[in-house]
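Undergrad: Coordinates only, no sequence provided:
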C-alpha cells in the first residue's frame, strides 16, 4: 500500500508540472482563420487570429518567400535594410540616417524578434557574409580621442557561437579615398580588406575569420584598382595603378607583374569587370584602357605571372568559356574586326567570325550564351547576321541567316534563356523572328506595321508594339499579345489613343490612357476600368475576378493608396500612406492588410529607436470594403517592417 501511495503522489506531482514553450492560437486548424504578416528582409513571421487579434511569432523558421536584401523605407528620416546570409538563416539589420551615413548593425536569426548590436557606437561602414554563412565581417570607422584622422575597425563574428572579435587597425586609414570593404575568399577561409593611408600608401589587410589580427601589406604611393580571389581561394590578385600582385592567402607575394606598354587599369571599375579568372583558376583576363582607337583592351596573364600575349588585344568585351581555358572576345578594331577566341595555353588567336560587330553582346539571362550582331558593308547591299554563341562549347549558330542591314535591331532573350527573338522592318511591315538558343525551330510572324518592337511577356508569349521610349514603354491600339506556340494574337487595347503599360503579371495587365483598364492576358478581355492613377501600382484580384485592390506605392511622388473596386464603385480603404501588401482570402470574400499610423509631432530621444507614437494596425475587411475587425500588433513586433500579408490556418 505504501508503494501504491508513493506512486500515486509521484504521478500527481508530474501531472501538475506546467508545460512551457507550446502555444497555439486555436485548438483546431480552420482554413484561413488567421492572417500572417511577413518581413522579406528579416524573415520574421507574425500570425494573427482574424477574429480575436491574438498574435504569435512564428517559430517554425518556415518563411514562405525567399529572403531578399533590399532597402526598406521606415519613415521620413530613417532607413532600414538587411543583409541576408547566403543560407537564408540569419540577417544583419542596418539602421541609421542616410543623410549622415551614420549606420549601426544588428545581428538576428530568422523569425526571431531578438537582435544583437554588432556595432557599439562607432559608425558601421560595410559588411559582408562569408559564402558558407558561418561568419559575418564588417568594418567601422572611428576617430581616436584628440585626433582628426579616421581609423578602421575590422570585426568578424562567428554566428553560431555569436563570438565577436574586433580588431583595431593601428595604421590611420583614409575613409575618404579608399573605403575599407571586406572581401571573402570563395571557401570562406580568408578576408581581404584594403584602404589608403593618410600618406598615400595602399594597404592590404589579410585575416582568417578565426584570427584576431590581420597581416598588413603596404604598397607605397599607389592606388588600388581591384582585388579578386581565384575560384579555388588559393590566390589573391591585387591590381593597382602601377602593377599586378599575386599573393598566397597568408600574404606571401608570389609574383609581381608589370603592365604592358600603353595598357592601363582604370580606377572606379568593378572588380568583376577588371579581373576575370578562368574557371580553373590558371589564367586571368584583365580589362584596361588603351589609347586612340584601342580604347578597350584585354591582357591575359597566367597564375605564374607570365603575359600570354606580347601586346594587349583590342576588344569591346570578353568572357571565359565555362568549360575550358578559352577566352571569347569581339572587336571593332579597324585592322581586324570580328569575333575571336584565344587559346590561353598557347596564346593562339582564332577568328570565329570575320565581320564587324555592330552592337554590344546580349547575354542570356542565365549567362549560358552570347548574342552578337555583325555587319558586312563591303558590298553594295550591306547585310547583318545574328550570331548565338554557347559559352560552354563556344559553338555558334546563325538562326536567322543573313538579314537586312539596319543601324538598330531589337534582340530579346526569353526569361528562361531557351529562346531568342529579333524584330525589324520589312516589306511595309515588321517581321518578328524567334528560335531556340541552339538555332533550331526558327519561326517568323509578320505584323502589318513598321517599327514594331517585340519583347517576351513570359517564356511563351510576346508583346508586340511601338514603345515611345525605353524608360516609359507605351502601347497603341495595334499592339498585340502573341502566342509563339500557336501564332495566335489578340489586341491589348481596344481604345483609341496611346496607352501606357502600368502593371503586368502572367495572368493580367493594366493599361493607362484617360483611365486605368485591367485586362486578362489569355484573351485580352477588359475586366475593370478605374480612375487614372499616378505612381507605381500593384493589382490584387479575387479568384472569381469580382473585385480588385489597387495598391499605389508609398514611394511614388503622390503618396501611397489602397483602393477597392467592385460592382458598387471605387473607394479608398487605407488611411495612411504606409501599409503592407494586401491579400485576398481564397473565397474572395475578405481581404487583409496592415497599416502604419504615427504622428509627425513626436520623435524619439534615441534616433535608433522607433517612433513612440508608431502603431501597426491589422485590418480585416469584406469584399465591399466594410471593416470586420482591426487589431493593434503587440509590442514585441514593433521594430519589424512587415511588408507582405497572407491567409493561413491558426495551427
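TA: Great, that's in hand. Given the structure is predicted, the values throughout are model-derived calculations rather than measurements.

Undergrad: Give me the below-cutoff pLDDT ranges for the stretch 401-550 of the chain.
TA: Along the stretch 401-550 of the chain, the parts satisfying pLDDT under 70 run over 407, 450, 466-479, 492-498, 533.

Undergrad: For it, which segments are assigned as helices?
TA: According to DSSP state H, counting those that start in this stretch, the stretch 401-550 of the chain carries no segments that qualify as helices.

Undergrad: neighbours around residue 526, how many?
TA: By other CB atoms under 10 Å, 14 other residues sit near residue 526. For glycine as for every other residue, the C-beta is placed from the backbone atoms N, C-alpha and C.

Undergrad: what's the answer for residue 221, then?
TA: Taking other CB under 10 Å as the criterion, the count of residues near residue 221 is 10.

Undergrad: Same question for the one 4 residues further on.
TA: Neighbouring residues of residue 225 were enumerated by other CB under 10 Å; the total is 22.

Undergrad: doesn't it fall inside a strand?
TA: Yes: following the definition DSSP: H, G, I helix; E, B strand; the rest coil, residue 225 is counted among the residues of a strand.

Undergrad: Now the terminal residues of stretch 358-372, how far apart.
TA: Using CA to CA, to the nearest Å, the span of stretch 358-372 from its first residue to its last is 8 Å.

Undergrad: Not counting that stretch itself, show me its contacts.
TA: Among residues not part of stretch 358-372, those counted as contacts by CB atoms under 8 Å, 6 or more residues apart in numbering are 316-317, 319, 322, 328, 330, 339, 353, 357, 373-375, 384, 386-392, 408-409, 411, 413, 415-417, 420, 437.

Undergrad: Can you say which of the residues you listed are buried?
TA: Buried members of the contacts of stretch 358-372, counted by 16 or more other CB atoms under 10 Å: 316-317, 319, 328, 330, 339, 353, 357, 373-375, 384, 386-391, 409, 411, 413, 417, 420, 437.

Undergrad: need the helices for this protein, in chain order.
TA: Along the chain, the segments classed as helices by DSSP state H run 2-15, 271-274.

Undergrad: any idea which of those helices scores lowest on pLDDT?
TA: Comparing the helices of the chain by mean pLDDT, the weakest confidence falls on helix 2-15, with a mean of 44.

Undergrad: what about the nearest residue to residue 509 once chain neighbours are set aside, neighbour count?
TA: With CB to CB, 6 or more residues apart in numbering as the criterion, residue 509 has its nearest non-adjacent residue at 5.4 Å, and that residue is residue 519. Here the neighbour count serves as a burial measure; for residue 519 (other CB under 10 Å) it reads 22.

Undergrad: so residue 519 sits right up against residue 512, yeah?
TA: No: between residue 519 and residue 512 there is no contact, the gap being 11.8 Å when judged by CB atoms under 8 Å.

Undergrad: sorry, back to before: okay, and which of the buried ones among the contacts of stretch 358-372 map to strands?
TA: Secondary structure of the buried ones among the contacts of stretch 358-372 is defined by DSSP state E; positions in strands are 317, 319, 328, 330, 339, 353, 357, 373-375, 384, 386-390, 411, 413, 420.

Undergrad: Give the bridge partners for residue 284, please.
TA: residue 277, residue 301 (DSSP bridges).

Undergrad: pretty sure it is in contact with residue 237, am I right?
TA: Yes: using CB under 8 Å, residue 284 makes contact with residue 237 at a distance of 6.0 Å.

Undergrad: shared neighbours, these two?
TA: Taking CB under 8 Å, 6+ apart as the criterion, residue 284 and residue 237 both touch 275, 277.

Undergrad: Give me the distance between the residue nearest to residue 509 and residue 549.
TA: Residue 519 is 17 Å from residue 549, where distance means CB to CB, to the nearest Å.

Undergrad: Same check on residue 194?
TA: If you measure residue 194 against residue 549 using CB to CB, the figure is 49 Å.

Undergrad: Need the pLDDT of residue 213.
TA: Looking at residue 213, its pLDDT stands at 91.

Undergrad: Not counting sequence-adjacent ones, nearest residue to it?
TA: Closest to residue 213 by CB to CB, 6+ apart is residue 167, at 6.2 Å.

Undergrad: again, but for residue 546
TA: residue 588 (6.4 Å).

Undergrad: now do residue 318
TA: Here the nearest residue to residue 318 in space, its sequence neighbours aside, is residue 329; by CB to CB, 6+ apart that works out to 3.7 Å.
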